[in-house]
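*Asks:* Please find the sequence and the predicted model below.
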Amino acid sequence: MSKRINYIDYMRGIAIILVVMRHLIQFNGFPTSNPAFEFIYSFHMPLFFAIIGYITQRVTSIETIYEYFTYLKKKFLSIILPLITWSLFINPYLLKKQWEILSYEEALRILQYPGLWFLKMLFIILVYYGIFNLICNKLKPTNFL
């Protein structure tokens, strides 16, 4: 098991608090043109992506196509499957007073523009990261000897 990095955990905690504060301001009738909202909005999601990128580069080394597809499968199961589950089943049904069956067009629209946009973007970024990691590992000078 890898050792946790305390300052990363602290940054993640601060980022979570900032997201909660932003949502409290945005969805509880407070004006969004106030300095606190604008300050939080300016960096809270980039902070999450930076933390995830830092952690990913520390723990990921992809050297074969098989490892890349294993990496993709893991990311799909941990990011996209929850995104699909939330977007198509939990949000439209469990959080609504009245259930309506989603049409095919509505389901496609939800998948194209999910409310949890950051999960979709995170997956896309991590797909590209895996490709670049594989290419960089293949181009290491030690691989040419």
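*Replies:* Sure thing, it's come through. Computed from a predicted structure; not experimentally measured.

*Asks:* Just name the shakiest helix or strand of this protein by mean pLDDT.
*Replies:* Taking mean pLDDT, DSSP states H and E as the measure, helix 104-112 is the helix or strand of the chain with the lowest mean score, a mean of 81.

*Asks:* Check which helices and strands the helix or strand just after it sits against.
*Replies:* Next helix or strand after helix 104-112 toward the C-terminus (DSSP states H and E): helix 117-138. Applying 3 or more Cβ pairs under 8 Å, 6 or more residues apart in numbering; DSSP states H and E, one finds that helix 117-138 makes contact with helix 35-59, helix 65-75, helix 81-85. Yep, even glycine has a C-beta here, placed from its N, CA and C like the rest.

*Asks:* can you rerun that using 6 Å?
*Replies:* If contacts are counted by 3 or more Cβ pairs under 6 Å, 6 or more residues apart in numbering; DSSP states H and E, helix 117-138 sits against helix 65-75.

*Asks:* just the CA coordinates of the helix or strand hosting G13, formatted as PDB?
*Replies:* Under the criterion DSSP H and E, the helix or strand holding G13 is helix 6-27. Written as PDB, here are the backbone C-alpha positions of helix 6-27 (Å, rounded to 0.1, in the frame of the first residue of the first chain):
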ATOM      1  CA  ASN A   6      -0.600  14.600   4.000                       C
ATOM      2  CA  TYR A   7      -0.400  17.900   2.100                       C
ATOM      3  CA  ILE A   8      -2.300  16.400  -0.800                       C
ATOM      4  CA  ASP A   9      -5.000  15.200   1.500                       C
ATOM      5  CA  TYR A  10      -5.200  18.700   3.100                       C
ATOM      6  CA  MET A  11      -5.500  20.300  -0.400                       C
ATOM      7  CA  ARG A  12      -8.300  17.800  -1.300                       C
ATOM      8  CA  GLY A  13     -10.100  18.600   1.900                       C
ATOM      9  CA  ILE A  14      -9.900  22.400   1.200                       C
ATOM     10  CA  ALA A  15     -11.000  21.800  -2.400                       C
ATOM     11  CA  ILE A  16     -14.100  19.900  -1.200                       C
ATOM     12  CA  ILE A  17     -15.000  22.600   1.300                       C
ATOM     13  CA  LEU A  18     -14.700  25.200  -1.500                       C
ATOM     14  CA  VAL A  19     -17.000  23.200  -3.700                       C
ATOM     15  CA  VAL A  20     -19.600  22.900  -0.900                       C
ATOM     16  CA  MET A  21     -19.300  26.700  -0.200                       C
ATOM     17  CA  ARG A  22     -19.700  27.500  -3.900                       C
ATOM     18  CA  HIS A  23     -22.800  25.300  -4.200                       C
ATOM     19  CA  LEU A  24     -24.300  26.800  -1.000                       C
ATOM     20  CA  ILE A  25     -23.800  30.300  -2.400                       C
ATOM     21  CA  GLN A  26     -25.000  29.400  -5.900                       C
ATOM     22  CA  PHE A  27     -28.100  27.400  -5.000                       C
END
